[in-house]
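Visitor: coords please:
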Amino acid sequence: MKLLFLNWIFLITVCYSEKDGKHLEVRERLKTALLQDYDKTLIPLMNSRQPVVVELGLSTMSMDLQGDGLLNMTNGNILQWKDARLRWNPEVYSNITSIRIPASKIWIPDIQVYNAVNYGENSFSDSLRNPDRHLAIVTSDGKVLLYTTHKLQIRCDVAKTVPGPGEVFIDRGQLDWPWGKYECEISMGSWTYSSSQIDLKPYLNRNYIEYLDQNNSPYLFTEDSFKDENVITCTRFKCCADLYQMARFKFKVEKRGTVTAQGLKLMKKDDKMLLISPFLLFTLVIISIIGTLFTISKLCHRKPNFLVE
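Guide: Purely as a prediction, here's the structure:
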């Protein structure tokens, strides 16, 4: 009986091992078939009259604005497009409908941040120049989804011009820094492909930058950010006759706590504003000091335990 039970366990193990091994073999065969004779330097333009639709989305985890107007951001970037060369029939490959492929093995759009300050290591440009770090999710209909993370530096407007004769330029650091609202913009687009080759669209029709974690960021988007319904614009550069599309995300940032005429606003974790007037804040400080002094006074006048009868 014991021997029969062990044989049964062995057969089950062998069957499942063969099944798992076959699944891996099918994925390897699928990946080989997709990349065989694939030229990653060629844009998947199947029709000269129909550009490749590239959806672009941004998200941010943290923002910090310096006094010189340099905004440091930790961002995530989403790119989605279709490549007919990466389609397959799931029924031929054990009903597999998606696969992960190193982004370095396939064509990816050459999207850049036009107004980035830094193009060095871990920048947006660097993340796309070194696609070995990322896996692209490819589905059986040829849709490709690529998610990358990067650090981005852009310049924001932290100065203003006072109108009048000769217009005086004033550094906002001397006025309301760092409690003002500062205008920023991220401009993105293809570096070499014109609008006849790439049709740029916002990912999921989002005309804004998604904030993934507001609780750990020194700066936040203001409520009047991202007012443009259409963030995609066309421009013509001096070098070229073709039109190029650009995604322009315009927004304002403000410090997590802001000072108003009524007092100090502190941002709570649930993102609701708690208003503390200067008088109330002063009162709380005085109460805290009095409580501390009272505690010290009690400790000083208490007799030691060995003196108490």
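Visitor: Out of the helices and strands in the chain, which is least certain?
Guide: Ranked by mean pLDDT, DSSP states H and E, the helix or strand of the chain with the weakest confidence is strand 273-276, at a mean of 46.
Visitor: any chance you could map the strands in the stretch 101-250 of the chain?
Guide: Secondary structure of the stretch 101-250 of the chain by DSSP state E, counting those that start in this stretch: the strands cover 111-113, 135-139, 143-155, 159-162, 168-171, 181-190, 198-202, 210-211, 219-221, 232-235, 244-255.
Visitor: Let me have these in CSV, extended by mean neighbour count, distance to Lys22 and mean pLDDT.
Guide: Bear in mind the C-beta positions are built from the backbone N, C-alpha and C, glycine included. Below are the strands of the stretch 101-250 of the chain laid out as CSV (neighbours: other C-beta atoms under 10 Å; distance: least, C-beta to C-beta, whole Å; pLDDT from 0 to 100):
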stretch, mean neighbour count, distance to Lys22, mean pLDDT
strand 111-113, 21, 39, 92
strand 135-139, 19, 21, 96
strand 143-155, 18, 26, 92
strand 159-162, 12, 65, 55
strand 168-171, 11, 68, 53
strand 181-190, 20, 41, 93
strand 198-202, 20, 40, 95
strand 210-211, 14, 40, 89
strand 219-221, 20, 50, 92
strand 232-235, 14, 46, 89
strand 244-255, 20, 44, 93
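Visitor: would you list those strands in CSV and tack on distance to Tyr38?
Guide: Listed next are those as CSV, based on distance: least, C-beta to C-beta, whole Å:
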stretch, distance to Tyr38
strand 111-113, 21
strand 135-139, 12
strand 143-155, 12
strand 159-162, 50
strand 168-171, 54
strand 181-190, 21
strand 198-202, 19
strand 210-211, 32
strand 219-221, 40
strand 232-235, 29
strand 244-255, 26
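Visitor: and of those strands, who's closest to Ala84?
Guide: strand 143-155 (10.4 Å; C-beta to C-beta).
Visitor: Quick one: work out the angle between the closest one and strand 181-190.
Guide: Orientation of strand 143-155 against strand 181-190 (axes from the mean of the first three to the mean of the last three C-alpha atoms, to 10 degrees) gives an angle of 140 degrees.
Visitor: residues making contact with strand 143-155?
Guide: If you take C-beta atoms under 8 Å, 6 or more residues apart in numbering as the criterion, strand 143-155 is touched by 69-83, 86, 103, 106, 108, 113, 115-118, 122-124, 126-128, 133-134, 136-139, 184-186.
Visitor: Would you mind checking these for buried ones?
Guide: 69, 71-83, 86, 103, 106, 108, 113, 116, 118, 123-124, 126-128, 134, 136, 138-139, 184, 186 (16 or more other C-beta atoms under 10 Å).
Visitor: from these, which ones fall inside helices?
Guide: Counting by DSSP state H, the part of these found in helices is 124, 126-128.
Visitor: can you redo those as a markdown table with pLDDT and distance to Asp242?
Guide: Shown next, in a markdown table, are those (pLDDT from 0 to 100; distance: C-beta to C-beta, whole Å):
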| residue | pLDDT | distance to Asp242 |
| --- | --- | --- |
| Phe124 | 74 | 23 |
| Asp126 | 73 | 27 |
| Ser127 | 73 | 26 |
| Leu128 | 71 | 22 |
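Visitor: of those, closest to Phe221?
Guide: Phe124 (18.9 Å).
Visitor: Which residue comes closest to the closest one once chain neighbours are left out?
Guide: Closest residue to Phe124 apart from its sequence neighbours, by C-beta to C-beta, 6 or more residues apart in numbering: His150 at 4.4 Å.
Visitor: How is the protein divided into domains?
Guide: 52-256, 259-299 (automatic domain parsing).
Visitor: before we move on, the earlier item: out of the strands of the stretch 101-250 of the chain, which comes closest to Leu30?
Guide: strand 135-139 (9.8 Å).
Visitor: Parallel or antiparallel, list what pairs with the closest one.
Guide: Paired with strand 135-139 in the same sheet, following DSSP bridges, are strand 98-102 (antiparallel), strand 143-155 (antiparallel).
Visitor: any residues touching the first one, and which ones?
Guide: Pointing back at strand 98-102 there. Counting by C-beta under 8 Å, 6+ apart, 27, 30-31, 34-35, 86, 131-132, 134-140 sit against strand 98-102.
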